[in-house]
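Trainee: coords please:
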Amino acid sequence: MSSLSPPPVPMELHAVNRRKLLDSLRRHLSVSDRPLHGFVFLQGGEEQTRYCTDHIELFRQESYFAYLFGVREPEFYGVIDIGSGKSILFAPRLPADYAVWLGEIKRLSYFQERYMVDMVYHVDEIDQVLHDQFTGSGKPLLYLLHGLNTDSNNFSKPANFEGIEKFERDMTSLHPILTECRVIKSNLELQLIQFANDISSEAHVEVMRNTKVGMKEYQLESMFMHHSYMYGGCRHCSYTCICATGENGAVLHYGHAAAPNDRILEDGDMALLDMGAEYHFYGSDITCSFPVNGKFTSDQSLIYNAVLDAHNSVVSAMKPGVNWVDMHRLAERVILESLKKGSILVGEVDEMMVERLGAVFMPHGLGHLLGIDTHDPGGYLTGVERPKEPGLRSLRTARELLEGMVITVEPGCYFIHTLLSAAMDKPKTSKFFNREAIDRFRNFGGVRIESDVIVTVDGCKNMTNVPREVGEIEAVMAGAPWPLKDATH
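Mentor: Numbers count the residues shown, from 1 in each chain. Presented below is the predicted three-dimensional model:
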């Protein structure tokens, strides 16, 4: 059961997002002495079939379009008139037999009211409507979305429609401005991200409480998905669930089609579960690590507490103006110090940092922006280069923190054969390893602890609420309620 229920979704959220973009774009045009007219023009997502079949995959809206319009249906277009500020949706003109197979054909007034826009027309009217609405001289100007996603290295798809050649097109101005709008979250956005965190946190606790030796990894995934959908109305996950146990915990993106969460849980395994639900496009991204039998060994506690100390150190240090690269280095240092204290490493931590030893145990970045996408865009501003050093080059952002950012804090410590072997063979790093201790951890897998954190005016707030301390995890797995009575968090 759950004490939560899906909150209503205020479409005012998307009206706020449109006003935010309009203000930013107008400031940009004013500074560059460009006229304040033309149209922001976006194309929504299109339904996809499974290869050549008629099986339609479950649709999820394109993220930039979702941000501005909140439309859940496919095949839409959206427009913001820069001069008047009015918003226009263009809906597909559906065939009559749609009503037989797929349900009622909605009137245009339904979409106007539901999505809080000024006007709604059909897609085949785009050309005529925009020419009618245009108040400037010459050809109407369309600001199209085209730019690089620095996480995926893919480019966003600019809108296209029949008759677009009759319009002037700007392919460069919109993307960086709209991306930066998405970086800072409004209070209405934060409410949805918080709910996604609340239901996902609750689902993680349910999985933790019901994990047993002998289960399959996919059963843990199934429990999470059931709880977040059954009680949270979250039909989509933010990403493919990672349910790694034992040595699979060292596979950073485990859970894909070739490694489909199908190992049997064995006594003595650590579990690393990275799962997050999505509610009205807005996501969560949470990782819990725990022993599948409910009791930490001394070795498991050593690695787990090294990562937990790194997680807590970063959260304590976060505030506006703090550089994210420095936070990554802080996490690395705390983990290396813990591994040295546990006699897994020997030598000076400062020297380990110089030789980038932290990247052997944590090759991924510390965290990423979170919002409508799990890896929300905006991590690298135009002209800012990604760091080149091991570990640091995997950072999805190198920015200074700003109030209103939501970012994941996800340090990890993994025993990855390929990286360990290379580092132990390299003269500059081989001296740091206690080889006997390393051999003890060869098939350990890994530990990751991940929370979603909002940067506040003078610090930050952790939006995730799951057991983190060793004692908390063992108590919950033994049947204690969560939050623990008389516990402080």
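
Trainee: what's the pLDDT at the spatially most central residue of the chain?
Mentor: Central residue of the chain (C-alpha atoms, centre = their mean): Thr374, 1.6 Å from the mean position. Per-residue pLDDT puts Thr374 at 98.

Trainee: Counting by contacts, list what the helix ranked longest in the chain packs against.
Mentor: When the chain is parsed with DSSP state H, its longest helix is helix 187-210. Counting contacts by 3 or more C-beta pairs under 8 Å, 6 or more residues apart in numbering; DSSP states H and E, helix 187-210 is packed against helix 12-31, helix 217-232, strand 270-275, strand 277-279, strand 282-283, strand 286-291, strand 451-455, helix 470-477. C-betas here are computed from N, CA, C, even on glycine.

Trainee: Between strand 451-455 and that helix, find me the angle.
Mentor: Put simply, helix 187-210 runs at 160 degrees to strand 451-455, going by axes from the mean of the first three to the mean of the last three C-alpha atoms, to 10 degrees.

Trainee: what's the angle between helix 187-210 and helix 217-232?
Mentor: Using the same axes, to 10 degrees: helix 187-210 against helix 217-232 is 130 degrees.

Trainee: For helix 187-210, list every residue counted as buried.
Mentor: Going by neighbour count (16 or more other C-beta atoms under 10 Å), the buried part of helix 187-210 is 188-209.

Trainee: likewise stretch 174-186?
Mentor: Buried positions in stretch 174-186, judged by neighbour count with 16+ other C-beta under 10 Å: 174-185.

Trainee: how about those in JSON lines, adding pLDDT?
Mentor: As requested, the buried residues of stretch 174-186 are exported to JSON lines (pLDDT from 0 to 100):
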{"residue": "Leu174", "pLDDT": "98"}
{"residue": "His175", "pLDDT": "97"}
{"residue": "Pro176", "pLDDT": "97"}
{"residue": "Ile177", "pLDDT": "97"}
{"residue": "Leu178", "pLDDT": "98"}
{"residue": "Thr179", "pLDDT": "98"}
{"residue": "Glu180", "pLDDT": "98"}
{"residue": "Cys181", "pLDDT": "98"}
{"residue": "Arg182", "pLDDT": "98"}
{"residue": "Val183", "pLDDT": "98"}
{"residue": "Ile184", "pLDDT": "98"}
{"residue": "Lys185", "pLDDT": "98"}
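
Trainee: Mind checking which of those residues land in helices?
Mentor: 174-183.

Trainee: Tell me which stretches of the stretch 301-450 of the chain form helices.
Mentor: Listed in chain order, the helices of the stretch 301-450 of the chain (DSSP state H, counting those that start in this stretch) span 324-341, 349-354, 358-361, 417-425, 427-430, 435-440.

Trainee: Summarise which helices and strands the second one is packed against.
Mentor: It refers to helix 349-354. Using 3+ C-beta pairs under 8 Å, 6+ apart as the test, helix 349-354 ends up in contact with helix 324-341.

Trainee: what is the mean pLDDT for the helix it packs on?
Mentor: The model assigns helix 324-341 a mean pLDDT of 98.

Trainee: Kindly report the same for stretch 68-83.
Mentor: What stretch 68-83 shows for mean pLDDT is 98.

Trainee: Any buried residues in that stretch, and which?
Mentor: Buried residues in stretch 68-83, defined by neighbour count with 16+ other C-beta under 10 Å: 68-82.

Trainee: And stretch 316-324, by the same measure?
Mentor: Those would be 318, 320, 322, 324, for stretch 316-324 by 16+ other C-beta under 10 Å.

Trainee: can you redo the residues you listed as a markdown table with distance to Lys341?
Mentor: A markdown table is the format used below for those (distance: C-beta to C-beta, whole Å):
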| residue | distance to Lys341 |
| --- | --- |
| Met318 | 24 |
| Pro320 | 32 |
| Val322 | 26 |
| Trp324 | 26 |
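
Trainee: For the residue nearest to Gly445 when sequence neighbours are not counted, which three-state class applies?
Mentor: Of all residues not flanking Gly445 in the chain, Gly249 sits nearest, at 2.8 Å (C-beta to C-beta, 6 or more residues apart in numbering). The assignment at Gly249 comes out as helix when based on DSSP: H, G, I helix; E, B strand; the rest coil.

Trainee: Thought Cys237 was touching Thr374, still the case?
Mentor: No - taking C-beta atoms under 8 Å as the definition, Thr374 is not a contact partner of Cys237, at 9.2 Å.

Trainee: Now the common contact residues for the two.
Mentor: Common neighbours of Thr374 and Cys237 (criterion: C-beta atoms under 8 Å, 6 or more residues apart in numbering): Gly276.

Trainee: what about the chain, any weak spots by pLDDT?
Mentor: Along the chain, the parts satisfying pLDDT under 70 run over 486-489.

Trainee: can we see that at 80?
Mentor: The model of the chain has pLDDT under 80 over residues 136-137, 486-489.

Trainee: per the record, what domains does it have?
Mentor: 12-183, 187-477 (automatic domain parsing).

Trainee: Buried deepest among the helices of the stretch 301-450 of the chain, which one?
Mentor: The highest average neighbour count among these, using mean count of other C-beta atoms under 10 Å, belongs to helix 358-361 at a mean of 24.

Trainee: how far out from the middle of the chain is that one?
Mentor: 23 Å (C-alpha atoms, centre = their mean, to the nearest Å).
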